[in-house]
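*Asks:* Need the 3D shape of this:
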Amino acid sequence: MFGLLGYLTSPLGLLSLGLLVLCVVHAVRTGNIFPWIYVMVFLPGIGPLIYLFMVIVPELVRSRGAQRLKSGAARAVDPDKDFRAAMREAEMIGSVDAKRALAEQLVQRGRHADAIELYRNALQGQFKDDPALLQGLARALFLSGDGAGAQAALDALQKADPSFVSQEAHLIYARSLELQGKDAEAAEEYARLVPYFSGEEARARYGLVLDRLGRHDEARAIFAQVAKNLDGAPSRYRQAQRGWGDIAARALKG
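*Replies:* Purely as a prediction, here's the structure:
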């Protein structure tokens, strides 16, 4: 057992002291004071280790980040596991939610035609105006190259639910207009989308459309705003938005 002097003068003692402090703080914050405080205090060498492996490590394993890592590893080993599960659900249960989940898996695999068919099959009866299904259909149609079909699906969604708001759906709508060569209309949609869109994609796309329309000064101001937003932003945000920042930087140099 280390005395106080041993803790302060020995590397192993300092490590043990640090672990003890960590475990005591964790126990206090999580309400695990009793009986763990006695275990750690009266067994200063082994007590914190017991607490570490019986409380902290299992908690980390159950954390959301750990679960995402586990899911990612599982997908790397068996990339079609989720697809097979979605297929079974759709075949055995046949619910609208099961069909939508399978359609999303099909979209992820580039099987847009199959996804479109499945979405349209689900858009029946009481679900003919379902917002999630219509948005999914619009996305699949857009990715298949059918800008007019995607626009029509989102127009139907807005007509069925005028209060519906989704930045993802709004972005698909603007891009569907671009896909049809309707740049002036797309610019109007981007102008409405930019104020509430998370990230720089909508703003950068808006600048590109303005540039194509010959509104170069407006486009330059938009690209300058992208650069300003990224300058001094947290590193995680800059990393996530790097592609749009590069587009803005190239445009400002041109």
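
*Asks:* any idea where the helices of the stretch 51-200 of the chain begin and end?
*Replies:* 57-62, 64-77, 81-92, 96-108, 112-122, 131-143, 147-160, 167-179, 183-193 (DSSP state H, counting those that start in this stretch).

*Asks:* quick one: stretch 135-153 to chain centroid distance?
*Replies:* 21 Å (CA atoms, centre = their mean, to the nearest Å).

*Asks:* cool, and stretch 213-220?
*Replies:* For stretch 213-220 - counting by CA atoms, centre = their mean - the centre lies 31 Å from the chain centre.

*Asks:* quick one on the thing from earlier: highest mean neighbour count out of the helices of the stretch 51-200 of the chain?
*Replies:* Comparing the helices of the stretch 51-200 of the chain by mean neighbour count (mean count of other CB atoms under 10 Å), helix 131-143 ranks first with a mean of 22. All C-beta atoms are positioned from the backbone trio N, CA, C, and that covers glycine.

*Asks:* Please work out which residues outside that helix touch it.
*Replies:* Contact with helix 131-143 is made by 96, 100, 103-104, 106-107, 112, 115-116, 119-120, 122-123, 127, 147, 149-151, 153-154, 156-157, 160-161, 164, 166, 168-169, 172-173, 175-176, 179, as judged by CB atoms under 8 Å, 6 or more residues apart in numbering.

*Asks:* try stretch 242-254
*Replies:* In contact with stretch 242-254 (CB under 8 Å, 6+ apart) are residues 199-201, 203-204, 207-208, 211, 219-220, 223-224, 226-227, 230, 238.

*Asks:* how does it look with 6 Å?
*Replies:* Applying CB atoms under 6 Å, 6 or more residues apart in numbering, the external contacts of stretch 242-254 come out as 200-201, 204, 223, 226-227, 230.

*Asks:* Could you dump those residues into TSV and include pLDDT, secondary structure and neighbour count?
*Replies:* Below are those laid out as TSV (pLDDT from 0 to 100; DSSP: H, G, I helix; E, B strand; the rest coil; neighbours: other CB atoms under 10 Å):
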residue	pLDDT	secondary structure	neighbour count
200	97	coil	26
201	97	helix	19
204	98	helix	24
223	98	helix	27
226	97	helix	24
227	97	helix	14
230	96	helix	18
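
*Asks:* quick one: which two of these are the most distant?
*Replies:* 201 and 227 (14.6 Å; CB to CB).

*Asks:* which residues of the stretch 1-150 of the chain score low on pLDDT?
*Replies:* 1-15, 32-33, 44, 61-79 (pLDDT under 70).

*Asks:* next helix or strand past the longest helix anywhere in the chain?
*Replies:* The residue-count maximum for a helix in the chain (DSSP state H) belongs to helix 11-30. Next helix or strand after helix 11-30 toward the C-terminus (DSSP states H and E): helix 36-42.

*Asks:* Would you mark the buried spots in that next one?
*Replies:* Across helix 36-42, burial judged by 16 or more other CB atoms under 10 Å covers 36-37, 39-40.

*Asks:* likewise stretch 23-37?
*Replies:* Result for stretch 23-37 [16+ other CB under 10 Å]: buried residues 23-24, 26-27, 32, 36-37.
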